[in-house]
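S.K.: Coordinates for the following, if possible.
(chains A and B)
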Number of protein chains: 2
Amino acid sequence: MTSRPKLQEVSDLAGVSLATVSRVLNAKPGVASETRAKVLSVLADLGYQDIPVRPEQTGVVGIVTPEMDNPIFPLIAQTIEARLARQGLLSMICPATSDTVNEQEYLDHFAATHAAGIVIVNGRYADPDVGFGPYQKLAASGIPVVLVNGASETDNVPLVAIDLEAGARMAVQHLAAMGHRRIGVMVGPQRYSSSRLLKTGYLAEMDHLGLDTGDDLTSETLFTLEGGRAGVAKLIEAGATGIVTGSDLMAIGAINGIRAWGRSVPEDVSVVGFDGTSLASVTNPKLTSLRQPVERMAASVAWLLENTNPDLADTVHMFQPELMIGRSTGRVVVETPSGFKAS
Amino acid sequence: MTSRPKLQEVSDLAGVSLATVSRVLNAKPGVASETRAKVLSVLADLGYQDIPVRPEQTGVVGIVTPEMDNPIFPLIAQTIEARLARQGLLSMICPATSDTVNEQEYLDHFAATHAAGIVIVNGRYADPDVGFGPYQKLAASGIPVVLVNGASETDNVPLVAIDLEAGARMAVQHLAAMGHRRIGVMVGPQRYSSSRLLKTGYLAEMDHLGLDTGDDLTSETLFTLEGGRAGVAKLIEAGATGIVTGSDLMAIGAINGIRAWGRSVPEDVSVVGFDGTSLASVTNPKLTSLRQPVERMAASVAWLLENTNPDLADTVHMFQPELMIGRSTGRVVVETPSGFKAS
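M.R.: Predicted coordinates:
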């Protein structure tokens, strides 16, 4: 007799939930050994012979992220965790920061413990001096690896990324449509691919619109509140009425800095954030921001972890950000150097 | 010959950093097996005989938290991670939410993998129907367990907690000192200890000051933005000019709700947050909040994980919050029902 027992019957007899029975039948993790034994014993009593063996695989996926101070990182990590949980995988989120635990320590740990997968969010590959070597090595050892954000190209390790260039272009278009001509950009340190991609998108769209992109309209700073606050001075001095930034934190810092100069947002200067985190909705004025479609990106990560076909090793799933229009951007109300005057 | 080799010499010969040599010598985790082998071989070449054996202990600590949407949770988790990293421990942060992975699945995983410790932040023990049984069982199996927040008492499992009662009293004192007499409180669902502790502190201080605490001045809602926004209506209707809340998210939601009613913060209604997260500094007006001394709490967690003396099993390390005065609270400027008028 090998017919599949009715789940409800097993659930009733073992005194556990249907979900637990299903987990045991599918050899998924997350069931206490005592509970598992009880369910298996009920299955045996019912004459079920095809009893699953708990696989050796730990069913653990490591998600290595930058510091958690920027809410986009816990958001991405938790969304991936929730998506992987539907496949019976347990996620372990590991913030790697230069002064605590570095990325490589976490990678070594997950390699040594034969993790079911490793996801690296804005990892060290964003620095071309590091490159993709450490991740290729992991993948070669048989552990599915997926990179998330911080680059637009990859080399033999699948990448899921928000399109930073497209985002910067969308931000410039939004500002230009409201009459802005002096538009500046705030980027992070130039050694990161993400900073270069933002700037490339900004320059491309500004050129396309025939707008000035002098060096005084680019501010290189940090992707943080403090970075935004400090970096905005250069752009105000350059007469920018619109500012494209690389993160919501940076945008909020820029708004604080603009106010510290006695100017108003958006009356004097409009600011566009990036990421569309919950921060964007709690600021006053509400932040205009480029939202990352985190749910869909997490679904891509889950798919790439499951499909480790070598043909997919160079896959890049590139996602377009969505412009969320808040109240930190508005029409130009002052004359700009080019003589444009808004209605 | 057993003299200790010069670290620099080993570092040069093995071609690895001084930090890596030190990790190998101290049998700390986070060194790739290949690298470790290279360092050990150099040590052997130099005649060093007291070569450390890598302990069986995985050196991993699981930090189980609620959902990461509330920035206090990633902040606490990351601060504990950084503190434990100084002791050579690798932290794995695990957000347990009712609709993804539940707390017990993570606890089972860390028990099965013989973790070096488990930290549970605002865990299910905050619900008295769950109690401390699951944590006592873990601790009895020899795994150091420390609970963080969500309770003021414990039973045979050490607890590190912010003093919610004291925080609510401080918030009432701050508002009363600025002339507020109609002071309301927003708490989370009553089944959680944290909600009851907040309310107890609020009632105690209000009674002490001889102020009214009718049921209309208590709003039971969720510890979220949406909860704060929805829950504030009842308090506005009750004529509250000052509001004590249980989280920064809830306070920001309340401010949004107050504005939606056409009232101003702090001119019409003052709001006090709780946690002192980075959110408090980006809102406009800047939030008055009760900050958790997260660094010192993390140091306590680290100490309790290391000192598993049974005499310490009932330890409660209770921390006082610090009042950070922002601009979401101010003097009363309207007449209150009790006839009080501010200067």
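S.K.: I'd like to know how many residues surround residue A:301.
M.R.: When counting by other CB atoms under 10 Å in any protein chain shown, one arrives at 26 neighbours for residue A:301. Just so you know, the C-beta spots here come from the backbone N, C-alpha and C atoms, and that holds for glycine as well.
S.K.: Let me fix that, I meant to ask about residue A:163.
M.R.: For residue A:163, using other CB under 10 Å, the count is 18.
S.K.: what residues are up against the closest residue to it other than its chain neighbours?
M.R.: Once flanking residues are discounted, residue A:163 sits nearest to residue A:318: 5.0 Å by CB to CB, 6 or more residues apart in numbering or on different chains. Shown in contact with residue A:318 (CB atoms under 8 Å, 6 or more residues apart in numbering or on different chains): A:152, A:161, A:162, A:163.
S.K.: In three-state terms, label residue A:318 for me.
M.R.: Three-state assignment for residue A:318 (DSSP: H, G, I helix; E, B strand; the rest coil): strand.
S.K.: hmm, back to that, give the buried subset of the contacts of residue A:318 as a ChimeraX selection command.
M.R.: To isolate the buried members of these in ChimeraX, using 16 or more other CB atoms under 10 Å in any protein chain shown:
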select /A:152,161,162,163
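S.K.: Tell me where chain A has helices.
M.R.: Applying DSSP state H to chain A gives helices spanning A:7-14, A:18-25, A:33-45, A:72-85, A:103-112, A:133-140, A:164-177, A:193-209, A:225-237, A:248-260, A:279-282, A:294-306.
S.K.: Just the mean pLDDT for the second one, thanks.
M.R.: Translated: helix A:18-25. When pLDDT is averaged over helix A:18-25, the result is 78.
S.K.: do it and chain B meet at all?
M.R.: No: using CB under 8 Å from any CB of the partner chain, we find that helix A:18-25 stays clear of chain B, coming within 9.2 Å at best.
S.K.: Could you check how far that helix is from the centre of its chain?
M.R.: Centre-to-centre, helix A:18-25 and its host chain are 32 Å apart (CA atoms, centre = their mean, to the nearest Å).
S.K.: CA atoms only: put that helix into CSV for me.
M.R.: Extracted in CSV, the C-alpha atoms of helix A:18-25 (Å, rounded to 0.1, in the frame of the first residue of the first chain):
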residue,chain,number,x,y,z
LEU,A,18,-1.3,20.7,8.0
ALA,A,19,1.7,22.9,7.2
THR,A,20,3.9,20.8,9.4
VAL,A,21,2.7,17.6,7.8
SER,A,22,3.5,19.1,4.4
ARG,A,23,7.0,20.1,5.6
VAL,A,24,7.7,16.6,6.8
LEU,A,25,6.4,15.0,3.6
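S.K.: In JSON lines, list the helices of chain A along with distance to residue B:125.
M.R.: Listed next are the helices of chain A as JSON lines, based on distance: least, CB to CB, whole Å:
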{"stretch": "helix A:7-14", "distance to residue B:125": "26"}
{"stretch": "helix A:18-25", "distance to residue B:125": "22"}
{"stretch": "helix A:33-45", "distance to residue B:125": "20"}
{"stretch": "helix A:72-85", "distance to residue B:125": "22"}
{"stretch": "helix A:103-112", "distance to residue B:125": "28"}
{"stretch": "helix A:133-140", "distance to residue B:125": "37"}
{"stretch": "helix A:164-177", "distance to residue B:125": "43"}
{"stretch": "helix A:193-209", "distance to residue B:125": "41"}
{"stretch": "helix A:225-237", "distance to residue B:125": "34"}
{"stretch": "helix A:248-260", "distance to residue B:125": "34"}
{"stretch": "helix A:279-282", "distance to residue B:125": "30"}
{"stretch": "helix A:294-306", "distance to residue B:125": "30"}
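S.K.: Could you tell me the least trusted of these?
M.R.: Among the helices of chain A, helix A:33-45 carries the lowest mean pLDDT (a mean of 74).
S.K.: in that one, what counts as buried?
M.R.: Going by 16+ other CB under 10 Å, helix A:33-45 has these buried residues: A:35, A:36, A:38, A:39, A:40, A:42, A:43.
S.K.: Remind me what that helix packs against, helices and strands.
M.R.: helix A:7-14, helix A:18-25 (3 or more CB pairs under 8 Å, 6 or more residues apart in numbering or on different chains; DSSP states H and E).
S.K.: Now do that helix against helix A:18-25, angle only.
M.R.: Here the directions of helix A:33-45 and helix A:18-25 differ by 80 degrees (axes from the mean of the first three to the mean of the last three CA atoms, to 10 degrees).
S.K.: Measure how helix A:33-45 sits relative to helix B:103-112, angle-wise.
M.R.: Here the directions of helix A:33-45 and helix B:103-112 differ by 100 degrees (the same axes, to 10 degrees).
S.K.: tell me the pLDDT at residue A:51?
M.R.: Residue A:51 is assigned 57 on the pLDDT scale.
S.K.: and what of residue A:262?
M.R.: pLDDT, residue A:262: 94.
S.K.: what do you get for the one 5 residues further on?
M.R.: The per-residue pLDDT reported for residue A:267 equals 96.
S.K.: Roughly how far does it sit from residue B:278?
M.R.: Per CB to CB, to the nearest Å, residue A:267 is found 26 Å from residue B:278.
S.K.: Same drill for these two, tell me which one is more crowded.
M.R.: For the pair residue A:267 and residue B:278, the greater number of neighbours falls to residue B:278 (18 against 13), based on other CB under 10 Å.
S.K.: Quick check: the more buried one vs residue A:263, distance?
M.R.: Residue B:278 is 24 Å from residue A:263, by CB to CB.
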